[in-house]
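In: Here is my input, please return the structure:
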Amino acid sequence: MKYIIHSIIRLCIRINSYFFFEKIVVTGTENLPLQGPVIFASNHPNAFLDSLVMTTCIKRSFYYTARGDFFKSKIAAALLGYIQILPLFRREEGKGLMFKNNETFANCIKVFKRNGAVSIFSEGLSENKWELRPLRKGTARLAFEAWNNPEVGDKLKVVPIAIHYSSWLKMHPVVYVEFLENIEKKSFDGIKEPAIQLKQFNEKLTTIIADNCVVIDNSSAASVQNKVVGFILKNLDNGVAVAKIFQNKYLTSGNEKFKANYFSLSDFLSKENITYYNESTVGLVSFLFACILYSLGFILNAVPYYLTKLIVRAGTKGNDFHDSMLYCLPIVIYPVYLIFLFFIIKNNINIWFALSFTILALFGASEYEWAKRTIYCFLNREKLKTVRELFNKLSETSNG
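Out: Numbering: from 1, shown residues only. Alright, predicted model coming up:
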């Protein structure tokens, strides 16, 4: 029964991801073990949503870890445990509670003995920023406990993961998930001192993830950088790679020509309120079809869309859990709405109209962002020519 419930939950998460995100770009799947004991060690830019993204991208069941204060009540602890979420207590919950991590780690070892997997967010804290924050010791400690267990040992692999979102506090972001070079026990052979083991593990994990993270200089024109990086991640197929090239140049070079072009791009995007960009030109036929699809998607899905946004805005006030709640509510609200829509039309017209409108509502919701992007790019094609020219100038000065 428990396996069936977990399978249904994972299926719901994957279906909802299809509607919530514009797209999820997954790379490095060759680094993703499909069997054997694994620790998925990820950065943590977007609270609970990071776990949902991982569930969508990882084609195997795994246990999650979550901050210990979620487990305060016995009912919450029992429910979270049933759906494979384990508590990790941090200094923020009180130093006196951190001894409870011993039980969590023991449960993780049991998972590894069954060739299972556990995810852990190595920064410990979630913050809506692209760069990697300092790592805590939990991942390193769990890895060495597993490696030192004779029933797990060398079989355990640590898979670093880098996650990037094109934006926060919005539906339909583009998400990038990259599975990185695995960390194995042999990397630390010969090191006997536990403190040195933990230190070297964290240094290695930090290097692997940080080298694949976009970095913003928050002390220098952060809003300008956020505008450029967010736009690149939202609109370019190889968004993370391009953003990293531009940010590395911005952070390390005194090249005034590059920075002038960088600021020109940001200024134009801000002044003209440019949100979408296509490399290819949008034709009239695509535009007209997009208009029809956009209208259908908006009319048939306005009620659940605005109801969700209203509840989330009131419930989170834009905090770190905004996107997580924005993602989870439609899993409950949208099926109820579709059932209601179906029976209203069925009772007033007939079953075939009801079925047709329900399918149109689903199709409109799934393709809404494509329609919106297509319409925008057609109507703003002259402005996008300027964006293309500014990108070309920036690319020319990003070499060397």
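In: if you skip the residues just before and after it, what's nearest to residue 296?
Out: Spatially, and ignoring its direct neighbours in sequence, residue 296 is nearest to residue 364 (4.4 Å; C-beta to C-beta, 6 or more residues apart in numbering). The way it works is simple: take the backbone N, C-alpha and C, and place the C-beta from them, glycine included.
In: That neighbour contacts residue 304, doesn't it?
Out: No. Counting by C-beta atoms under 8 Å, residue 304 is not a contact partner of residue 364; they are 11.8 Å apart.
In: For the residue nearest to residue 296, grab the count of nearby residues.
Out: Number of residues near residue 364 (other C-beta atoms under 10 Å) recorded here: 20.
In: for the helix or strand hosting it, which positions count as buried?
Out: Taking DSSP states H and E as the definition, residue 364 sits inside helix 351-366. Judged by neighbour count using 16 or more other C-beta atoms under 10 Å, the buried positions of helix 351-366 are 354, 357-358, 360-362, 364-365.
In: What would that helix look like as PDB? C-alpha coordinates only.
Out: Taking Å, rounded to 0.1, in the frame of the first residue of the first chain, the C-alpha atoms of helix 351-366 are listed here in PDB:
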ATOM      1  CA  ILE A 351     -21.100  14.700 -22.100                       C
ATOM      2  CA  TRP A 352     -19.300  15.300 -25.400                       C
ATOM      3  CA  PHE A 353     -19.200  19.100 -25.000                       C
ATOM      4  CA  ALA A 354     -18.100  18.500 -21.400                       C
ATOM      5  CA  LEU A 355     -15.300  16.200 -22.400                       C
ATOM      6  CA  SER A 356     -14.100  18.500 -25.200                       C
ATOM      7  CA  PHE A 357     -14.000  21.600 -22.900                       C
ATOM      8  CA  THR A 358     -12.100  19.600 -20.300                       C
ATOM      9  CA  ILE A 359      -9.500  18.500 -22.800                       C
ATOM     10  CA  LEU A 360      -9.200  22.100 -24.200                       C
ATOM     11  CA  ALA A 361      -8.700  23.400 -20.600                       C
ATOM     12  CA  LEU A 362      -5.900  20.900 -20.100                       C
ATOM     13  CA  PHE A 363      -4.300  21.600 -23.500                       C
ATOM     14  CA  GLY A 364      -4.600  25.400 -22.900                       C
ATOM     15  CA  ALA A 365      -2.900  25.100 -19.500                       C
ATOM     16  CA  SER A 366      -0.100  23.000 -20.800                       C
END
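In: Now that helix: average pLDDT?
Out: Taken as a whole, helix 351-366 has an average pLDDT of 94.
In: so residue 43 touches residue 176, yeah?
Out: No. Look at residue 43 against residue 176 with C-beta under 8 Å: they stay out of range, at 11.4 Å.
In: List the residues that are in contact with both of the two.
Out: Shared contacts of residue 43 and residue 176, defined by C-beta atoms under 8 Å, 6 or more residues apart in numbering, comprise 162-163.
In: Would you mind pulling the contact partners of stretch 282-290?
Out: Residues beyond stretch 282-290 that count as contacts (C-beta under 8 Å, 6+ apart) turn out to be 370-372, 374-375, 377-378, 381.
In: Equivalent analysis for stretch 216-226, please.
Out: Contacts for stretch 216-226 (C-beta under 8 Å, 6+ apart): 129-131, 229, 247, 250-251, 262-263, 266.
In: how near is residue 390 to residue 231?
Out: 11 Å (C-beta to C-beta, to the nearest Å).
In: Kindly apply the preceding question to residue 82 instead.
Out: Distance, residue 82 to residue 231, using C-beta to C-beta: 42 Å.
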